[in-house]
Every structure is written in C-alpha cells, then in structure tokens.
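Asker: Sharing a sequence plus its predicted fold:
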Amino acid sequence: MTDIFEMIDELGPEKVVHISNASVGLRAIVVLDNTALGPSIGGVRMAPDVTLEECARLARAMSRKNAAAGLSHGGGKAVIFADPRAPLAEKERLIRAFARAIAQLTDYIPGPDMGTNEVCMAWVRDEIGRSVGLPRVIGGIPLDEIGATGLGIAVAAEVAEPFVGIALDGARIAIQGFGAVGRHAARHLAEKGACIVAVADSGGTAMLADGFDLSRLEELKADGYSVTDYPGAERADRDAVIVARCDILIPAARPDIIDETNAGDINARLIIEGANIPATKAAEQTLHAKNVLVIPDFIANAGGVICASVEYQGGTESQAVATITEKIRQNTREVLSQVRDHGTLPRDAADALAENRLRQAMDLRRRF
Ligand SMILES: NC(=O)C1=CN([C@@H]2O[C@H](COP(=O)(O)OP(=O)(O)OC[C@H]3O[C@@H](n4cnc5c(N)ncnc54)[C@H](OP(=O)(O)O)[C@@H]3O)[C@@H](O)[C@H]2O)C=CC1
Ligand SMILES: O=C(O)CCC(=O)C(=O)O
C-alpha cells in the first residue's frame with residue numbers, strides 16, 4: 001500500500017480523501033494537490049485498476065497543467081474503482097453517491113476523465129450543483145463532445161512542425177486510445193492532411209499503411225466494436241501501437257505505457273502526450289537522447305481543462321476554442337524554444353514554466 005506521506009513534497013498534496021459507501025459498492029479517492037491558484041479542477045476517472053498513487057500523480061499533473069495554462073484553478077483528481085462499462089443505472093448510482101460524498105469538498109470541482117463523460121458530470125451537478133464539462137442543454141460546453149483536448153493536441157503538433165521538420169500534411173500518425181482525446185486528435189490532425197496509420201483501443205492495435213477512414217472507425221466504435229474490427233486492417237496486441245512505424249505517436253489512454261522497456265524501440269520522431277503521465281521520466285530522457293521530441297502531457301493536453309475553466313466562468317464555446325488555441329500555442333512554443341536553444345529536456349522546461357507560476361501564487365498564501 002502506498003504511504004501518501006511519502007509522496008508529499010512542498011507543492012502537495014494538500015488533502016487526500018478516501019470514500020467508501022458499501023450500500024452502492026462505491027470506493028473512491030480524491031486528491032487535492034495544490035490550491036494556491038484557486039479551487040482545483042480535475043477529472044473523475046473510473047477504472048477497475050486505479051490506485052492512490054495514480055490519483056496523486058494525476059492530481060499533480062493537474063496542478064502543473066492549470067498553472068501553465070494561466071488558470072485561476074489548482075490541481076486535483078478523483079478515481080472511482082469500478083468498471084466504466086457497467087450498466088448505466090449502476091454507473092449512475094455510483095456517480096451520484098460519489099457526488100454526495102464530495103459535497104463538502106468545495107475546493108474540488110469535478111470534470112470528466114477516462115470512464116466518465118458529460119452525462120456523468122450532469123448527474124454530479126444535479127446532486128451538488130458543482131461540476132464542469134456539462135452537456136449543452138444545461139448550459140455547459142461539453143469538452144469531450146467538442147474534442148477540446150484533441151484540438152489542443154493538433155495546435156501543439158502545428159507548433160512542433162518546424163522544430164522537428166515534419167509536415168503535418170502527409171504525416172503518418174499512430175494513436176493509442178480512440179476515446180474523447182484520441183478520436184478528436186485524429187480528426188483534427190486528419191483535417192491538416194495527416195494520415196492515421198495505427199490506432200489502438202482496449203481490444204488491441206489496428207494498422208493500415210494507407211490510412212484509416214476516420215468516419216468508418218467512428219462508426220465501428222459507436223456500434224460497440226473494437227478498432228481491430230476495421231475491415232482489412234492488420235491486427236496486433238494493445239501495446240504494438242507504441243512501436244508502430246509512424247512519424248508522430250500520440251499516447252491517449254493509460255499511464256506509464258512508455259517506459260524504459262520500449263522507449264528505445266519507438267519509431268516516431270515526435271510524441272505528443274495526449275494522455276496524462278503516459279511516459280516515465282527515464283523513458284523521456286531516453287527519447288531525448290535519441291532525438292525524439294516529446295511534448296509533455298500538461299502542455300499538450302490542456303485543452304479540456306481550459307475549456308472547463310471557460311465554462312466555469314460563464315464563457316462561450318468559441319471563447320473556449322480561442323483560449324485553447326492561444327494558450328497551447330504559446331506554451332508549446334516556449335517549451336520547444338528552451339529545448340532547441342538550451343538542449344533542455346522538454347519535461348524540465350515544462351515543469352519550470354508551471355512551477356514558476358505556482359510558487360508565485362504559493363508565496364501569496366498565509367504561511368503561519
Ligand atoms: N477527456 C479529456 O478532455 C482529457 C483526457 N486526458 C487524458 O487522456 C487519456 C484518455 O482520456 P479520454 O480520451 O477522456 O478517455 P476515454 O475513456 O474517452 O477513452 C479512452 C480510450 O483509451 C482506450 N484504452 C483504454 N485502455 C487501453 C489500453 N490499455 N490500451 C489501448 N487503449 C486503451 C479505450 O478503449 P475502448 O474504446 O476499448 O474502451 C478508449 O478508446 C487519459 O489519460 C486522460 O486522463 C487528458 C486531458 C483531458
Ligand atoms: O476537468 C476536466 O475534466 C478536464 C481536465 C482533466 O481532468 C485533465 O486535463 O486531465
């Protein structure tokens with residue numbers, strides 16, 4: 001079992017809450033990492049194999065992401081130990097019970113993450129009047145439906161073009177995960193002329209040298225099939241996508257899937273981290289030494305939370321799109337300039353960018 005006190009440093013976490021409600025089979029954890037910038041925003045992840053450590057690392061990623069994006073929100077995250085494919089009524093019971101359990105945890109504003117969506121956030125709002133990433137019908141900007149994070153990934157890719165010498169028009173892309181992030185990243189990149197040659201979901205990897213027709217892939221997924229059911233595609237195991245032949249790799253699913261065992265075998269020259277914490281630091285160092293450019297998670301995938309914060313302040317969808325584009329373009333440029341001019345590891349440049357703002361905000365808090 002992870003001892004949370006061993007994970008604490010000067011940034012956080014500030015609060016860790018374990019939730020259990022045996023009558024509905026709910027087990028959950030909320031980590032509020034750092035709230036110096038304001039009440040924390042972060043997604044609610046539903047998966048059977050989540051851990052306290054994963055939740056704390058994701059909450060820290062949110063502190064950095066929100067700080068780097070210049071939001072007036074701290075970082076937090078929640079995990080619910082359950083199968084997201086449970087029958088809808090059961091899922092609703094769990095989410096509503098979770099919402100009631102965090103009613104008094106007012107410095108945490110929940111949003112969607114893996115295994116949850118806009119509908120889940122509507123249930124949360126209905127229970128406690130507080131959540132982001134809501135359906136349009138109740139005044140939200142549905143960040144997963146509009147593909148806010150995928151948009152930001154495409155913006156980061158555009159900024160990276162001259163740094164790595166890859167033209168998006170004609171670039172071969174591999175994507176792990178075809179959910180809210182992966183699907184929309186694929187769509188935005190295809191609009192710029194890129195060709196999706198490998199894609200993975202929980203059922204495995206599908207590869208097609210001539211590129212997938214994204215509408216057919218989306219139809220397959222909507223009908224409950226796996227990407228591996230795409231007619232004519234070559235099938236491989238789930239992790240094969242990571243080492244697929246491509247120019248750009250976009251991990252958009254689970255944590256730590258790029259580590260020292262596979263970093264050396266990656267064929268891509270550019271990795272844009274759509275998922276949170278998809279690569280270990282050692283793997284990112286190996287990739288840096290191999291001249292593979294990695295755009296860190298909290299720089300590239302901030303589109304969702306930027307959208308959430310615009311919604312929270314009563315802004316519109318077009319304001320959200322403009323803010324995502326502006327902030328991700330600026331942050332990606334800043335990080336990549338550090339890499340190019342000083343040889344800095346992208347992760348170190350990104351951490352410095354985020355923590356500079358976080359520490360300034362922390363200096364303004366009461367210290368006694
Ligand atoms: N939603 C958002 O706006 C944001 C999400 N993120 C991060 O992006 C990642 C994906 O989130 P999101 O798209 O919302 O999640 P979703 O639940 O919408 O989609 C997840 C996708 O990953 C696939 N998947 C799950 N496990 C594996 C695996 N082991 N190998 C390959 N594919 C797998 C799923 O497969 P299947 O379809 O078969 O279930 C699904 O296609 C997470 O790390 C999340 O924290 C980051 C920023 C914002
Ligand atoms: O608030 C949200 O749901 C999106 C933010 C998030 O959880 C993330 O960026 O990982």
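Answerer: All right, it came through fine. Numbers count the residues shown, from 1 in each chain. Ligands and ions are numbered 1, 2, ... in the order given.
Asker: So G147 is in contact with R183, correct?
Answerer: Yes. Here G147 reaches R183: they are 7.3 Å apart, a contact under CB atoms under 8 Å. No exception for glycine: its C-beta is placed from N, CA and C like everyone else's.
Asker: can you tell me if the lengthiest helix in the chain touches ligand 1.
Answerer: Ordering each helix of the chain by length in residues (DSSP state H) puts helix 317-342 first. No. Using CB under 6 Å from any ligand atom, helix 317-342 stays clear of ligand 1, with a minimum separation of 10.8 Å.
Asker: Please apply the same query to stretch 232-244.
Answerer: Yes. Interface with ligand 1: stretch 232-244 contributes R238 (CB under 6 Å from any ligand atom).
Asker: So for that stretch, first residue to last residue, what's the gap.
Answerer: From its first residue to its last, stretch 232-244 covers 17 Å (CA to CA, to the nearest Å).
Asker: before we move on, back to that, in the longest helix of the chain, what counts as buried?
Answerer: The neighbour-count check on helix 317-342 (16 or more other CB atoms under 10 Å) flags 317, 320-321, 323-325, 327-328, 331-332, 334-336, 338-339 as buried.
Asker: Which residues are in contact with whatever residue of the stretch 151-300 of the chain ends up closest to ligand 2?
Answerer: Proximity of the stretch 151-300 of the chain to ligand 2 (CB to the nearest ligand atom) peaks at N276, 5.1 Å away. Going by CB atoms under 8 Å, 6 or more residues apart in numbering, N276 touches 58, 61, 255, 297-298, 301.
Asker: let's see it at 6 Å
Answerer: The contact partners of N276, by CB atoms under 6 Å, 6 or more residues apart in numbering, come to 58, 61, 297.
Asker: Kindly indicate which of these lies nearest L11.
Answerer: A61 (11.6 Å; CB to CB).
Asker: List of residues touching the helix or strand that contains that closest one?
Answerer: Using DSSP states H and E, A61 sits within helix 52-68. Residues from elsewhere that reach helix 52-68, judged by CB under 6 Å, 6+ apart: 2, 7, 13, 29, 31, 33-34, 42, 73, 75-77, 79, 276-277, 298, 302, 305, 331, 353-354, 357-358.
Asker: For the stretch 101-250 of the chain, which residue gets nearest to ligand 1?
Answerer: For the stretch 101-250 of the chain, CB to the nearest ligand atom, closest residue to ligand 1: G179, 1.7 Å.
Asker: residues near that residue, how many?
Answerer: As a burial measure, G179 scores 17 neighbours (other CB atoms under 10 Å).
Asker: That'll do, ta.
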